[in-house]
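S.K.: Below are the sequence and a predicted model; questions follow.
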Amino acid sequence: MTDTVRPEFIDFAHRLADAAGAVIRPYFRAAVAVDEKADDSPVTIADRDAEAAMRDLIAATFPDHGILGEEHGAERRDAEFVWVLDPIDGTKSFITGSPLFGTLVALTQNGRPVLGVIDQPITGERWLGVAGQATVLNGKPIGVRACDEIGRAVMFCYGVESFEGARGAVFREIGARVKLKRFSADCYAYGLLAAGFADLVIEDGMSPWDYCALTPVVEGAGGIITDWQGAPLGLDSGDTVLACGDRTLHEKLLRLTGR
């Protein structure tokens with residue numbers, strides 16, 4: 001898939017998360033104006049400025065690398081290495097004072113995510129996933145837990161809105177079978193799955209900046225993350241995500257999502 005991820009790329013991913021966090025923290029639980037994007041999703045100055053800070057660092061350090069960000073679009077998207085950025089994944093949580101959001105930093109090589117960071121700049125938690133390495137949380141290795149039965153699983157998804165959307169029937173069927181349902185954690189839910197506190201995360205309406213960073217984190221913790229048909233995720237994937245700590249559970253869920 002890829003050669004070993006270069007150490008300077010890993011160090012740089014930490015620099016990007018640090019830069020974003022420095023922008024975001026002063027705005028958390030502060031009076032911040034909220035704008036509506038074309039898709040009616042909220043955006044703030046914290047989102048825009050945090051991504052701008054990361055893009056400036058990339059341009060200065062790796063000018064030949066591509067960039068794909070939620071707030072400021074794409075540059076050199078066909079480059080071998082592309083940084084994929086979501087400055088605040090979970091803006092609705094951010095603007096309501098909830099710390100269930102995070103900064104997502106990914107590096108793709110030839111379209112495949114090989115490095116991912118989930119950074120929670122308020123709590124100080126940082127997950128790092130690197131292809132071929134064990135995922136770490138604040139430097140300590142973590143791993144998923146075994147759960148091969150839907151009826152014993154703890155499930156996360158975006159929110160109750162998922163049960164009412166175009167694919168609501170799938171969410172309702174899985175939600176009716178699991179042991180426990182939780183909502184509104186965005187990228188934080190995948191960090192909890194990687195650390196062994198949840199068993200599955202299922203979402204739709206996703207974009208590459210939502211899931212590229214999550215992929216190495218989940219995989220490096222021993223989990224599996226794909227689209228709803230079981231295909232690997234990358235720059236050109238669709239908008240569905242199914243992540244599980246247990247591969248048997250994932251296979252069972254694909255029978256429900258892949259129809």
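M.R.: Done, it's in.
S.K.: alpha carbons only for contacts and neighbour counts from here, please
M.R.: Noted.
S.K.: Could you list every helix and strand in contact with the helix or strand hosting residue 67?
M.R.: In this assignment (DSSP states H and E), residue 67 forms part of strand 66-69. Counting by 3 or more C-alpha pairs under 8 Å, 6 or more residues apart in numbering; DSSP states H and E, the packing neighbours recorded for strand 66-69 are strand 73-75, strand 81-89.
S.K.: and the residue nearest to residue 170 when sequence neighbours are not counted, how many neighbours?
M.R.: Once flanking residues are discounted, residue 170 sits nearest to residue 257: 6.4 Å by C-alpha to C-alpha, 6 or more residues apart in numbering. Residue neighbour count, defined by other C-alpha atoms under 10 Å, stands at 21 for residue 257.
S.K.: With residue 227 instead?
M.R.: Count around residue 227 with other C-alpha under 10 Å applied: 22.
S.K.: The one 5 residues further on too?
M.R.: Look at residue 232: counted by other C-alpha under 10 Å, it has 15 neighbours.
S.K.: so who does it touch?
M.R.: Going by C-alpha atoms under 8 Å, 6 or more residues apart in numbering, residue 232 touches 225-226.
S.K.: returning to that earlier point: which of the helices and strands packed on strand 66-69 sits closest to residue 13?
M.R.: Set against residue 13 and scored by C-alpha to C-alpha, the helices and strands packed on strand 66-69 come closest in strand 81-89, at 9.1 Å.
S.K.: chain center to whichever helix or strand comes after that closest one, what's the gap?
M.R.: Sequence order places helix 91-95 as the next helix or strand after strand 81-89, per DSSP H and E. Relative to its chain's centre, helix 91-95 lies at 15 Å (C-alpha atoms, centre = their mean, to the nearest Å).
S.K.: hang on, the earlier thing: just name the most buried of the helices and strands packed on strand 66-69.
M.R.: Most buried of the helices and strands packed on strand 66-69 by mean neighbour count (mean count of other C-alpha atoms under 10 Å) is strand 81-89; its value is a mean of 28.
S.K.: Other residues contacting the strand holding residue 67?
M.R.: 51, 55, 73-86, 209.
S.K.: go on, stretch 233-249?
M.R.: Contact with stretch 233-249 is made by 108, 111-113, 144-150, 190, 193-194, 196, 198-208, 211-212, 215, 218, 222-228, 250, as judged by C-alpha under 8 Å, 6+ apart.
S.K.: Extract the CA atoms of that stretch and return them as PDB.
M.R.: Extracted C-alpha coordinates of stretch 233-249, given in PDB (Å, rounded to 0.1, in the frame of the first residue of the first chain):
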ATOM      1  CA  LEU A 233     -11.900   4.700   2.300                       C
ATOM      2  CA  GLY A 234      -9.900   7.300   0.500                       C
ATOM      3  CA  LEU A 235     -10.000  10.600  -1.300                       C
ATOM      4  CA  ASP A 236     -12.500   9.300  -3.900                       C
ATOM      5  CA  SER A 237     -14.800   7.300  -1.600                       C
ATOM      6  CA  GLY A 238     -18.500   8.100  -1.300                       C
ATOM      7  CA  ASP A 239     -20.400   9.500   1.700                       C
ATOM      8  CA  THR A 240     -20.900   6.400   4.000                       C
ATOM      9  CA  VAL A 241     -18.800   5.100   6.800                       C
ATOM     10  CA  LEU A 242     -19.000   1.900   8.900                       C
ATOM     11  CA  ALA A 243     -16.300   1.500  11.600                       C
ATOM     12  CA  CYS A 244     -16.100  -1.500  14.000                       C
ATOM     13  CA  GLY A 245     -13.700  -2.800  16.500                       C
ATOM     14  CA  ASP A 246     -14.600  -6.400  15.700                       C
ATOM     15  CA  ARG A 247     -14.300  -7.700  12.200                       C
ATOM     16  CA  THR A 248     -17.100 -10.300  12.700                       C
ATOM     17  CA  LEU A 249     -19.400  -7.500  13.800                       C
END
